[in-house]
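Chemist: turn this into a structure:
(2 chains)
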Amino acid sequence: MANYTLKVRRYQPESGEGAYWEEFKVDLDPSLSVLDGLLQAKDRDDGSLSVRCSCRAAICGSCGMKINGQSGLGCKTQVGEAQEQANKMKLATGATAAEASSPIGAQAPESQHKVRAAGQEEAGEGTTATTTETVSPIVIEPMGNMPVIKDLITDMESTHWTKIRRVTPWLLPHGEAPEREYVVEPESMIDITQSMACIQCGACVSSCLSMEADPEFIGPAALAKAYRFVGDPRDAETKERLHDLAHDPHGIYDCTHCFSCIDACPKGVAPMDQIMRLRRKAGEEGIVDDPNNGHSHEQAFVKIIEKKGTLDEALLIQESYAPGAKGKLKPTKGAIKGLVESLPTVLRAIKSGKARSLSKLVPGIHPKLPGGAQGEVQAIYKHAEEHREEFNLYIKGEDEDFVEPEPDEMTEETMTAEAAAAAESEEAQS
Amino acid sequence: MSDGQIKVAYWPGCVSRGFTTELHGSMAIAAQKLGIELVELDRANCCGAGVIAEHNQELADTLNARTFALAQQTGLSMMNICSTCQGAQSECQQRLDADSSYRAHINEVLSGQGLAYEKGKDGFTNKNFLWLLVEDYGLDRLAEKVTRPLSGLRVGPFYGCYVVRPKERLGYDEFPDRDIYLEKVIEVLGGEVVEYDGARKCCGFPVITMNRETSLRQAGTHVGDALDAGADCLVTPCPLCHLNLDMQQPDAAKIVNRDLGLAVLHLPQLVSLALGASPKELGMSKHIASTKWVEERLAAVPA
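Modeler: Residues are numbered from 1 along each chain as shown, chains lettered A, B, ... in the order given. Model (predicted):
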């Protein structure tokens, strides 16, 4: 058993007051969860402390919250680990996660900062940890990007469920429904098992940095759900779904590629990876004229590297907005807007001396890789564009981590192999 | 951590030789002052920045396997100076390392060029300059090299997503402190760490052509938060973050509707300043957001 301080961001709407911080002293084994700690505080100190929870085993997805600024499940985060993380950040930055990540500290006057002393009375006795190192409170906040209803309970309707419904989260098969169930090859469903693992906890939504800047973004959970149906062999409206998601200016091309959702997800769904697969599929389906210029940006990037080996930034800007001859002869409204908006940036680059050489200014005269290297890059393109193999670690897993043993060093495997061989020869002898 | 000479296969990336040439130059100065020998991989190709992987995963994996193979030919480990290169290359390396048959499939294409990527060959690693500085060069050794402590300079760290997430892919099991290295380096250089909300958030660069407003709101918010926290400047190990935080700063200011004006330094610039280099030779005049305030603060403190 060890003592921990949980610093909880509280909000009690019936009080008529704003949110405030409150610290609870709890006493539990380091291997128990942050949720266990919260329930202990609720049980011993304050029954009004509100948190959603049910299974306590990372299955139901109820207890999404931010722990030291990191979105996840309260029941899947060990309190000992959370303490280590809190100490580490305190040592590095001199601030607790909450002071750094939430403006509430500035809003709440010191008098509103309550400390529950109930647990403190026992402090100094028996089980008290004799730590001399920096001990920082574990900071617990409600999920981000969502309105707070009470304490750690958020309203998931407006930012999670509405967006889930936005992607038509049910099968759209064509033709007569079969008399009994649909029959599909098990192999054809493997591709979507990763997105099917979602438990709708909202941790990814809470962590999403695109949504933080653009609340209209469809978001990681809903887009992962979209892939679950795009990849389903029974669905007959794959192309329509992709067209819809690509043509929404807050759809697949609004993801800022920050990986936050990947680290937040307690089930390994990796929503950002699913968004990238949606982009890939949309391109393969020939959905090219999206309002974000997402597809033309991707195409421009890929083609520049094939031609030049390294990035020609001037060409990337031009081709992202107005791709090819058609894009230049008949530029769309969006293309003109995009090009005009990036003009001041380019002018500043010239003025500061960032981009004074011609090759950085005039699209297309950026040099190729030297001495035959460009040919090597092109050979790679030729092969890979034919194959387009996708390697999904979630499904395939890592193969045996075989390390070539040093001549006189025994690995576990060589030992087992030798033991087996020895046993075999013994058997043969007897 | 070793006291020996450090020599690395150096991948500077595209942007450090494109729109942020001051980064490429500063790295050369920092390396010379630190005594790190750089063997530049001038035949290597773009990492794909996640965009090529979004188009065709196998293409991105093969292109980066080629870069790793070129580095392995030198018998050295690899160093990059771009968080995005680090993340994009680590993603491909993770897939290549995970499965020997997939690796063999990719190497088949490279074999025509006399190249092959071998998992773990001679302890091969690919590290951002920030990681190399802390893990291989060592903070004690860095401290000894400091000739002009950045006393009184309040520096906000800005990491770039690709070196902080996803943790499982980026070696955090072995090096759990990689997300506080910038703070450690700032302190060793004599500066003062400024904590603010955006240090580990996204600069917005990946969507600058796709959703300009979202992108600039991200950049503008982080710069504003750092200013509010009293920062004299930001420091970043990622030139793409630099583009959005520095080059786009005037436009970002319009989106967040406030005055900004905060210098953004590349990591090798900050290191080199503390090692005695002048702002001029570090190309700081090429920045969009003026670095004058930083220079004044440093001049006020005796070297």
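Chemist: switch to C-alpha atoms for all contacts and neighbour counts from now on
Modeler: Will do.
Chemist: leaving out the residues flanking it, which one is nearest to the residue in the stretch 51-200 of chain B that chain A sits nearest to?
Modeler: The minimum distance from the stretch 51-200 of chain B to chain A, using C-alpha to the nearest C-alpha, falls at B:Ala98 (4.4 Å). Spatial nearest neighbour of B:Ala98, chain neighbours left out: A:Glu398 (4.4 Å); criterion: C-alpha to C-alpha, 6 or more residues apart in numbering or on different chains.
Chemist: tally of neighbours for the one you found?
Modeler: When neighbours are defined as other C-alpha atoms under 10 Å in any protein chain shown, A:Glu398 has 15 of them.
Chemist: for the chain, which spans come out with low pLDDT?
Modeler: You didn't say which chain, so I picked chain A. Residues of chain A that meet the criterion pLDDT under 70 lie in A:95-134, A:355-356, A:358, A:400-430.
Chemist: not quite, go with chain B.
Modeler: Along chain B, segments meeting pLDDT under 70 span B:1-3, B:302-303.
Chemist: the residue nearest the centre of it and B:Leu182, how far apart?
Modeler: Nearest to the geometric centre of chain B sits B:Pro237, at 2.7 Å (C-alpha atoms, centre = their mean). Going from B:Pro237 to B:Leu182 by C-alpha to C-alpha, to the nearest Å gives 9 Å.
Chemist: what touches both of those two?
Modeler: Shared contacts of B:Pro237 and B:Leu182, defined by C-alpha atoms under 8 Å, 6 or more residues apart in numbering or on different chains, are found at B:Leu130, B:Phe158, B:Tyr159.
Chemist: give me the element the first one is part of.
Modeler: Secondary-structure assignment from DSSP states H and E places B:Leu130 in helix B:129-132.
Chemist: which residues sit in contact with the closest residue to chain A within the stretch 201-303 of chain B?
Modeler: Going by C-alpha to the nearest C-alpha, chain A is nearest to B:Met210 of the stretch 201-303 of chain B, at 4.5 Å. If you count contacts by C-alpha under 8 Å, 6+ apart, B:Met210 has them with A:Tyr253, A:Asp254, A:Asn292, A:Asn293, A:Gly294, A:His297.
Chemist: ok, the residue lying closest to B:Arg297 once chain neighbours are set aside - contacts?
Modeler: Nearest residue to B:Arg297, sequence neighbours excluded (C-alpha to C-alpha, 6+ apart): B:Leu153, at 6.7 Å. For B:Leu153, the contacting residues are B:Gly191, B:Glu192, B:Asp232, B:Val294, B:Arg297, B:Leu298, by C-alpha under 8 Å, 6+ apart.
Chemist: repeat that for 10 Å
Modeler: Residues near B:Leu153 by C-alpha atoms under 10 Å, 6 or more residues apart in numbering or on different chains: B:186, B:189-194, B:231-233, B:294-295, B:297-298, B:301.
Chemist: same question, A:Ser31
Modeler: Counting by C-alpha under 10 Å, 6+ apart, A:Ser31 makes contact with A:Met1, A:Thr77, A:Gln78, A:Val79, A:Gly80, A:Glu81.
Chemist: what's the burial count for the first one?
Modeler: Counted with other C-alpha under 10 Å, residues neighbouring A:Met1 total 13.
Chemist: is it in contact with A:Gly37, as I believe?
Modeler: No. Using C-alpha atoms under 10 Å, A:Met1 is not in contact with A:Gly37; the gap is 11.7 Å.
Chemist: shared neighbours of the two, anything?
Modeler: Common neighbours of A:Met1 and A:Gly37 (C-alpha under 10 Å, 6+ apart) are A:Val26, A:Asp27, A:Leu28, A:Asp29, A:Pro30.
Chemist: and A:Ile192, what does it touch?
Modeler: Applying C-alpha under 10 Å, 6+ apart, the residues contacting A:Ile192 are A:Ala224, A:Lys225, A:Tyr227, A:Arg228, A:Phe229, A:Val230, A:Gly231, A:Asp232, A:Pro233, A:Val269, A:Gln274, A:Ile395.
Chemist: now flag whichever of these is closest to A:Cys60.
Modeler: The closest of these to A:Cys60 turns out to be A:Val269 (C-alpha to C-alpha; 15.2 Å).
Chemist: report the buried residues of the helix or strand hosting B:Val223.
Modeler: B:Val223 is part of helix B:212-228 when elements are defined by DSSP H and E. Using 16 or more other C-alpha atoms under 10 Å in any protein chain shown as the test for burial, helix B:212-228 gives B:212-227.
Chemist: keep those, but drop any that are not near chain A.
Modeler: Applying C-alpha under 10 Å from any C-alpha of the partner chain to the buried residues of helix B:212-228, one finds that B:Arg212, B:Glu213, B:Thr214, B:Ser215, B:Leu216, B:Arg217, B:Gln218, B:Ala219, B:Thr221 fall near chain A.
Chemist: can these go into a markdown table with extra columns for distance to A:Thr168?
Modeler: Listed next are those as a markdown table, based on distance: C-alpha to C-alpha, whole Å:
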| residue | distance to A:Thr168 |
| --- | --- |
| B:Arg212 | 28 |
| B:Glu213 | 27 |
| B:Thr214 | 25 |
| B:Ser215 | 28 |
| B:Leu216 | 31 |
| B:Arg217 | 30 |
| B:Gln218 | 30 |
| B:Ala219 | 33 |
| B:Thr221 | 33 |
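Chemist: can you pull out the strands in chain B?
Modeler: For chain B, the strands defined by DSSP state E cover B:6-11, B:36-40, B:78-80, B:126-128, B:154-157, B:192-193, B:233-236, B:263-266.
Chemist: in its sheet, which strands sit next to the fifth one, and in what direction?
Modeler: Partner strands for strand B:154-157, per DSSP bridges, with pairing direction: strand B:192-193 (parallel), strand B:233-236 (parallel).
Chemist: now that strand: how far from the chain's centre is it?
Modeler: Centre-to-centre, strand B:154-157 and its host chain are 15 Å apart (C-alpha atoms, centre = their mean, to the nearest Å).
Chemist: stretch A:221-241 too?
Modeler: Stretch A:221-241 sits 19 Å away from the centroid of its parent chain (C-alpha atoms, centre = their mean).
Chemist: just the CA trace of it, in PDB.
Modeler: This file holds the C-alpha atoms of stretch A:221-241, laid out as PDB (Å, rounded to 0.1, in the frame of the first residue of the first chain):
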ATOM      1  CA  ALA A 221     -13.600   7.700 -33.300                       C
ATOM      2  CA  ALA A 222     -16.100   8.400 -36.000                       C
ATOM      3  CA  LEU A 223     -13.600   8.100 -38.800                       C
ATOM      4  CA  ALA A 224     -12.300   4.800 -37.400                       C
ATOM      5  CA  LYS A 225     -15.900   3.600 -37.300                       C
ATOM      6  CA  ALA A 226     -16.300   4.800 -40.900                       C
ATOM      7  CA  TYR A 227     -13.400   2.600 -41.900                       C
ATOM      8  CA  ARG A 228     -15.000  -0.400 -40.200                       C
ATOM      9  CA  PHE A 229     -17.800  -0.100 -42.800                       C
ATOM     10  CA  VAL A 230     -15.700   1.000 -45.800                       C
ATOM     11  CA  GLY A 231     -13.600  -2.200 -45.300                       C
ATOM     12  CA  ASP A 232     -16.600  -4.500 -44.800                       C
ATOM     13  CA  PRO A 233     -17.100  -6.800 -47.700                       C
ATOM     14  CA  ARG A 234     -20.900  -6.800 -47.200                       C
ATOM     15  CA  ASP A 235     -21.200  -3.100 -47.600                       C
ATOM     16  CA  ALA A 236     -22.200  -1.900 -51.100                       C
ATOM     17  CA  GLU A 237     -21.700   1.800 -50.800                       C
ATOM     18  CA  THR A 238     -17.900   2.000 -50.200                       C
ATOM     19  CA  LYS A 239     -17.400   4.600 -52.900                       C
ATOM     20  CA  GLU A 240     -20.300   6.800 -51.700                       C
ATOM     21  CA  ARG A 241     -19.000   6.700 -48.200                       C
END
